[in-house]
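# Quick one, structure for this:
(one chain, ligands or ions: 1)
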Amino acid sequence: MTKLNSMQTDNKKRANDYVHEVYELVKKRNPDEKEFLQATREIFDSLRPVFAKHPEYIANGILERITEPERIITFRVAWEDDQGKVHVNRGFRVQFNSDLGPYKGGIRFHPSVNSSIMKFLAFEQIFKNALTGQPIGAGKGGSDFDPKGKSDREIMRFTQSFITELSKYIGPDRDVPAGDIGVGKREIGYMFGQYNRLKGGYEAGVFTGKDPNHGGSLGRKEATGYGTVYFVEEMLKEKNLSFDGQTVVVSGSGNVSTYAMEKAIQLGAKVVACSDSGGYIYDKNGIDLDTVKRLKEVENKRISDYTKDHADAEYHEDCSGIWSIPCDIALPCATQNEIDEIAASMLVTNSVKAIGEGANMPCTLEAMALFHENGILFGPAKAANAGGVAVSAMEMSQNSMRLSWTTEEVDEKLHLVMKNIYVSCMDAAERFGHPGNLVMGANIAGFLKVADAMVAHGLS
Ligand code: NDP
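The predicted model follows:
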C-alpha cells in the first residue's frame, strides 16, 4: 500500500468512527424521536466522504453542534371555542441554526405535531436553506392544534394566542416564520396582525407567505410546487426526457400539490391522481385542476367531492393506495413517510422513471434505497422543495426594499434558483465520489455551506 493510500484509508476510518460515535450520541440524547433520528441518519450516511476529506470539521465538532438545536421553545396555547369552552394546545418553535442568517422555516398546525417532527423539519431546513444560496438560517414551528372543522373565528383566536407567546422570540432579523401544513395566508394574516399589534408598529419582514395584497410576494403560493417541477425537469434532462406526454401522480391536494400539478400540466404532462388524508381520486382523463382548486381553496371540501363533477373519475379511500397507479413521474407532496418500501416497490414494478419530493421526507430510507437500487431518478426534498423558502427569502428582500416584484420576475428568479440548486447538488455528488446521487449531493452541498460558516463563527 502506498503512503497516500494508507493515509486515505486512515482518514476514511477516522471519518466513519466519528460519524458512528456522533450518531450514537444523537440517539442517546433523543430517544424515541424517530423522525428526527431518520433525518439525521440520512445526513450522516451522506457525510462520511466529507469528513474523510475535511478533518477540520471533526476538529471543530461540527456534527455534534449541527445536530443540537440552538434553542427549542415550547409553550402553552390556551384558546376559547365558539361555545366558550377552553382548550389547551402545545406550541413549538425550534430555532435550529442561525449561522447563515435569521432562523427561517414554516409553522405547521396538525394533530401529529410533536417535538420529533418539529426537530426533523427544522434540521432538514438547515441544509435546504443553505442550498438556496440565500442568507437564511433554519427553524420550524407549529402546534398539535387541528384546524379541521374549526370556524374562522376559532382559527383566529387560536393563532392570536399562539403568536402572542411566540412573538417574544421572532422578528425580521431574528426568526421569520412562514406557512406549512394547515397554515396558509389566512393564518399568516392573523399572526402578522397580532404580532404588529403587540409590537405597536408594522414589521413587514417578520413573516413570509403573506397575502400579496398585504405585503406578501407574488408567486410565493406557487413557489414550492412549481420549484419541485422545475427541479424534476432538470433531472429528466439527464435522460433526454421532459414532462411533455408523461403520466404523473401527485399526492395531497394542498398548497404544494396544487401548484406542482399546475406546472406539470403546463409542461404537457397528464396528472391522473391526487389525494387528501381521506383518500385519492383517479381520473384517467387527467385531473381537472379548476375543480380541485375550487374544492380545496374556495369551498374547503374533501377530494372525494371531485367525483360529483367528474363522473368518470374514481374515488378510493386509503390515500396510500395512490402509489399503485402506474405513472412515469411520482410527486409525493402531502406529508412525511407517505412512501414506504411497499409503496416504493409498487412504483418500481410499474416502471416509474422519476420521483420528486415536494413534501418534507415523504420517502422512508428503505423506499429511497429501493429507488436508488433500481436506477430511478430521485430528487430529495431538501433540494426539490426548496423553491418555497427561496421565494420566502425573496419576500424578505422585497419587504426590506419596500417594493414588489412582478409574478414573472419572481418566477424567473425561482427557476434560476432551482437550476442552480440542481447544478450544485450534481457537482457535490461528483466531487465526493457519488456521481448522479442527488441525495448525497444535496446533503453535502448544503452541509458544506453551513459547516464553513460554523467554523468561521467559532464555537457556539
Ligand atoms: P397543506 O396543508 O396545504 O396540504 C397538505 C395536503 O396533504 C392536504 O391535501 C392534506 O390532506 C394532505 N395530507 C396531510 N397529511 C396527510 C396524510 N397523513 N396522508 C395523506 N395526505 C395527507 O400543506 P402544504 O402543501 O403546505 O405542505 C405539504 C408538504 O410540503 C409538507 O410536508 C410540508 O412540510 C412540505 N413543504 C411545504 C412548503 C410550503 O411552501 N407550503 C415548503 C416546503 C415543503 P387533508 O386536507 O385531508 O389533511
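# Helix or strand next in line after whatever helix or strand Lys293 lives in, which one?
Assigned by DSSP states H and E, Lys293 falls within helix 289-293. Remark: after helix 289-293, the chain's next helix or strand is helix 306-309, criterion DSSP H and E.
# In the stretch 201-350 of the chain, which residue sits closest to the ligand?
Closest residue of the stretch 201-350 of the chain to the ligand, C-beta to the nearest ligand atom: Gly254 (1.8 Å). For every residue, glycine as well, the C-beta is placed using N, CA and C.
# in the protein, which residue is closest to the centre?
Centroid check for the chain by C-alpha atoms, centre = their mean gives Asn360 as the closest residue, at 4.0 Å.
# Can you tell me which helices and strands the top helix by length along the chain packs against?
Counting by DSSP state H, the longest helix found in the chain is helix 3-29. Judged by 3 or more C-beta pairs under 8 Å, 6 or more residues apart in numbering; DSSP states H and E, the packing partners of helix 3-29 are helix 34-53, helix 55-59, helix 62-66.
# The ligand: which of those is closest?
Here helix 34-53 is closest among these (C-beta to the nearest ligand atom), at 11.4 Å.
# Output the contacting helices and strands for that closest one.
Applying 3+ C-beta pairs under 8 Å, 6+ apart, we find helix 34-53 packed against helix 3-29, helix 55-59, helix 62-66, helix 115-131, helix 365-373, helix 438-457.
# what angle sits between it and helix 365-373?
In terms of direction (axes from the mean of the first three to the mean of the last three C-alpha atoms, to 10 degrees), helix 34-53 departs from helix 365-373 by 50 degrees.
# Helices of the stretch 101-250 of the chain, start to end?
115-131, 152-166, 185-199, 220-237 (DSSP state H, counting those that start in this stretch).
# Of all these, which one is nearest Glu68?
Within those, the stretch nearest Glu68 is helix 115-131; the backing value is 10.0 Å (C-beta to C-beta).
# Return the closest one as PDB; C-alpha atoms alone will do.
Only the C-alpha atoms of helix 115-131 are listed here, as PDB (Å, rounded to 0.1, in the frame of the first residue of the first chain):
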ATOM      1  CA  SER A 115     -41.000  17.500  19.300                       C
ATOM      2  CA  SER A 116     -39.600  14.900  16.900                       C
ATOM      3  CA  ILE A 117     -41.500  16.200  13.900                       C
ATOM      4  CA  MET A 118     -40.600  19.800  14.700                       C
ATOM      5  CA  LYS A 119     -36.900  18.900  15.100                       C
ATOM      6  CA  PHE A 120     -36.700  16.800  11.900                       C
ATOM      7  CA  LEU A 121     -38.300  19.600   9.900                       C
ATOM      8  CA  ALA A 122     -36.000  22.300  11.400                       C
ATOM      9  CA  PHE A 123     -33.000  20.100  10.900                       C
ATOM     10  CA  GLU A 124     -33.700  19.400   7.200                       C
ATOM     11  CA  GLN A 125     -34.400  23.200   6.800                       C
ATOM     12  CA  ILE A 126     -30.700  23.900   7.700                       C
ATOM     13  CA  PHE A 127     -29.500  22.200   4.500                       C
ATOM     14  CA  LYS A 128     -32.300  23.200   2.300                       C
ATOM     15  CA  ASN A 129     -32.000  26.900   3.200                       C
ATOM     16  CA  ALA A 130     -28.200  26.700   2.600                       C
ATOM     17  CA  LEU A 131     -28.800  25.200  -0.800                       C
END
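# need the residues of the stretch 101-250 of the chain near the ligand, please.
Contact residues (C-beta under 6 Å from any ligand atom) of the stretch 101-250 of the chain with the ligand: Gly179, Asp180, Ile181, Gly182, Thr224.
# quick one: which two of those residues are the most distant?
Checked with C-beta to C-beta, these reach their widest spread between Gly182 and Thr224, with 14.9 Å between them.
# if we can go back for a sec, most neighbours, which of the residues of the stretch 101-250 of the chain next to the ligand?
Neighbour counts for those peak at Thr224, which has 29 neighbours (criterion: other C-beta atoms under 10 Å).
# For the closest residue to that one other than its chain neighbours, what is the enclosing helix or strand?
Nearest non-adjacent residue to Thr224, counting by C-beta to C-beta, 6 or more residues apart in numbering: Gly388, 3.3 Å away. Applying DSSP H and E as the criterion places Gly388 in helix 387-401.
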